[in-house]
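> Build me a model from this:
(chains A and B)
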Amino acid sequence: MIIARHLTKRYDRTTALDDVSFLIEAGEAVALWGANGAGKTTTLRCLLGVQGFEGDLTVAGIQVSKNGKAARAVIGYVPQETAFYDMTVLETLHFYARLKKVIPSRVQDVLEQVQLTEHVSKRVNMLSGGMKQRLALAVALLADPPVLVLDEPTANLDVKAQRDFIHTVQTLNRAGKTIVFSSHRLDEVIALGSRVLVLADGRLILESPPHELAEKLGLHRWLRIWVPAQHKDDTLRVLDAHGFTSMPNGRSIYVQVSQSGKIAPLRSLELASIPVEDFDLIDGALMLQGENHD
Amino acid sequence: MIEFANIRTIAEKELRDALRNRWFIVFTIAFAGLALALSALIQPGGTQLRMMSYSRTAASLINLVLLFVPLIGLTLGSTNLASDRETGALAYLLAQPVNRLEVLLGKYLGMAGALLATLTLGFGVAGVALALQGSIQDAGSYLLTVLLAYLLALAMLSLGFLVSAVAQKTTAALGGALFLWLFLVFIGDLGIMGTTVAMRMPIETVFFIAVLNPLQMFKLASILTIQANLEVLGPAGLYATDQFGGLLLPLLLVGLLIWIVVPLLGAMALFSRQEKFVLKGSTR
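This next block holds a predicted model:
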């Protein structure tokens, strides 16, 4: 479905993409993973044909460099930050439906698909972040394109909206859509992706199944545990005896955990009869480098 | 390949947006109100007096156009692309199956439609008031003045779009537009007058420098339509009348058309080449 060969993008003296090649089969859900400036968004912009590049890139058999507009016609795009004009939900969908040469009845179909039917008369700026993202997905689905390109689609959503959005995209993928998305969240990559392309400094450094990514990149999640002050030393000793890497931090203790073993330190402490007052997962450790505005 | 259906879709959206724009509504009401007030100031009397009154009213309308139309054309044009760029709406629109020329032309035509509708309303109410008082002796010259105002509005909109194509932020675009407005309306004239005195320039040079300004082109052409010669402008006007005669008005019309087309082509050339400038966010 998508073939990229020696994709290179330079901005003045900066090389944003450096000789990146990949192949994405129809029906795959491929994540672009990387830190800020890794080249994820640049890759997506190349796919959309909204910027020039060196190398070859074809989407559904269309050469993007020669016919960006035709490539965009077979791609549905959901940006990280939705930016709609000041119109109602219905006006917005009809506007983009006309640009995509879609029959007006299709608007109703996508509204139902993303569950926005009740909100058609609302102005877009009155919608929540989650609903705006669903509207962007509705726009993307108008022409029923074979490829969906999602740029950090859940970065600005709350937990429930993230879950709902991921579920919708999973359904679309199961229905045969090819999904390409950028993300810096491991849980999202695991939930959505069938393969991960890891970018660093504009280069493709690794291709991996999502569940192997954390191990291959040495990524760890940190569990923060609060225990009564009198049990702090015992806690550190028990965690150390069970092979956990831990470090005290004020009243709490940080414990390094694997993606699938988040509960293990808590079980160890329970067996040692150490009461745990509270705990939290530190998502920041999942990010390669801080918040992503790539 | 440019698709006219896309241009039309974007133009219709821009037209709707403009008609909802608070500043645009204020401008429309102000322009129509002032035009009506000017036409109502005519004192009825004999035929000769009515003709003189019409000339005075037409001259006042011309001055109104010279102040208002460049201001609204430049500000609306300059903020159009820049504000969309700033909000990210432009990047999102360009990620759809449209090309940049369709977007720019659609936006231009939509704004042009809104601007011309405003002028039509203003000149319309003034024309009706003048007609009711029997002051319009020659409807053709009035319509020609309206046509010239249309051309000036489009020229200013083109210049505004050129500013918008190079300005990254709305505030910068607005600043650029206001500077251009001040330059064209006030500073340009003062500069020419000062240079003429200081350098003792010949009258033909003064004339040619003056008509480089589209506002001067509009003014000269409008005066020609209401009184057939430019004696009122002194030596430069006499020179123009002697030198070009009946060709002067067509030449001025062509000049205004050039002021519409060239800045718009410039905006198109710049906009179609822009890359990271258009796309919001970092470049990687």
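
> Around the residue in the stretch 101-250 of chain B positioned nearest to chain A, how many other residues sit close by?
Using C-beta to the nearest C-beta, the closest approach of the stretch 101-250 of chain B to chain A is made by B:Glu102 at 8.8 Å. All C-beta atoms are positioned from the backbone trio N, CA, C, and that covers glycine. Other residues lying near B:Glu102 total 25 when counted by other C-beta atoms under 10 Å in any protein chain shown.

> for the longest helix along chain A, packing partners?
Scanning chain A for the longest helix, with DSSP state H as the assignment, gives helix A:159-174. In terms of contacts (3 or more C-beta pairs under 8 Å, 6 or more residues apart in numbering or on different chains; DSSP states H and E), helix A:159-174 is packed against helix A:129-141, strand A:147-151, strand A:178-183, helix A:186-192.

> Format those as JSON lines; extra columns: distance to chain B.
Listed next are the helices and strands packed on helix A:159-174 as JSON lines, based on distance: least, C-beta to the nearest C-beta, whole Å:
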{"stretch": "helix A:129-141", "distance to chain B": "8"}
{"stretch": "strand A:147-151", "distance to chain B": "8"}
{"stretch": "strand A:178-183", "distance to chain B": "11"}
{"stretch": "helix A:186-192", "distance to chain B": "19"}
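
> ok, of the ones you listed, where does mean pLDDT dip lowest?
Between these, the lowest average pLDDT goes to helix A:186-192, which shows a mean of 82.

> what's next to the helix or strand that that helix is followed by, contact-wise?
Scanning forward in sequence from helix A:186-192 by DSSP states H and E, the next helix or strand is strand A:195-200. Outside strand A:195-200, the residues within contact range by C-beta atoms under 8 Å, 6 or more residues apart in numbering or on different chains are A:20, A:22, A:28-35, A:38-40, A:43, A:189, A:204-210, A:213, A:217.

> Inside strands: which ones of those?
Using DSSP state E, the members of the contacts of strand A:195-200 that fall within strands are A:20, A:22, A:29-33, A:204-208.

> Can you verify A:Ala83 is assigned to a strand?
No. Read with DSSP: H, G, I helix; E, B strand; the rest coil, A:Ala83 is coil and lies in no strand.

> End to end on stretch A:104-120, go ahead and measure it.
Across stretch A:104-120, the terminal residues are separated by 14 Å (C-alpha to C-alpha, to the nearest Å).

> Any idea how far it is from the middle of the chain?
Using C-alpha atoms, centre = their mean, to the nearest Å, the distance from the centre of stretch A:104-120 to the centre of the chain it belongs to is 24 Å.

> Confirm that A:Phe244 sits in a helix.
No. Under three-state DSSP, A:Phe244 sits outside any helix and is assigned coil.

> count of residues packed around it?
With other C-beta under 10 Å as criterion, A:Phe244 counts 18.

> tell me the angle of the longest helix of chain A relative to strand A:29-33?
Taking axes from the mean of the first three to the mean of the last three C-alpha atoms, to 10 degrees, one finds helix A:159-174 and strand A:29-33 inclined to each other by 130 degrees.

> what's next to helix A:159-174, contact-wise?
Identification of contacts with helix A:159-174 by C-beta under 8 Å, 6+ apart yields A:27, A:29, A:113-114, A:128-130, A:133-134, A:137, A:141, A:148, A:150, A:153-154, A:157, A:179, A:181, A:188, A:191-192.

> Residue in chain A with the shortest distance to chain B?
Taking C-beta to the nearest C-beta, chain B has its nearest neighbour within chain A at A:Ala83, 3.3 Å off.

> Return the residue spatially closest to that residue, with its sequence-adjacent residues excluded.
Leaving aside its chain neighbours, A:Ala83 sits nearest to B:Gly88 (3.3 Å; criterion: C-beta to C-beta, 6 or more residues apart in numbering or on different chains).

> The one you found touches A:Glu81, doesn't it?
Yes. Assessed by C-beta atoms under 8 Å, B:Gly88 is found in contact with A:Glu81 at 5.8 Å.

> Can you list the buried residues in stretch A:80-87?
In terms of neighbour count (16 or more other C-beta atoms under 10 Å in any protein chain shown), stretch A:80-87 has its buried residues at A:80-85, A:87.

> right, I mislabeled it, should have said stretch A:85-100
Neighbour counts using 16+ other C-beta under 10 Å place A:85, A:87, A:89-100 of stretch A:85-100 among the buried residues.

> Likewise for stretch A:99-114?
Within stretch A:99-114, the residues that qualify as buried by neighbour count (16+ other C-beta under 10 Å) are A:99-100, A:102, A:106-107, A:110-111, A:113-114.
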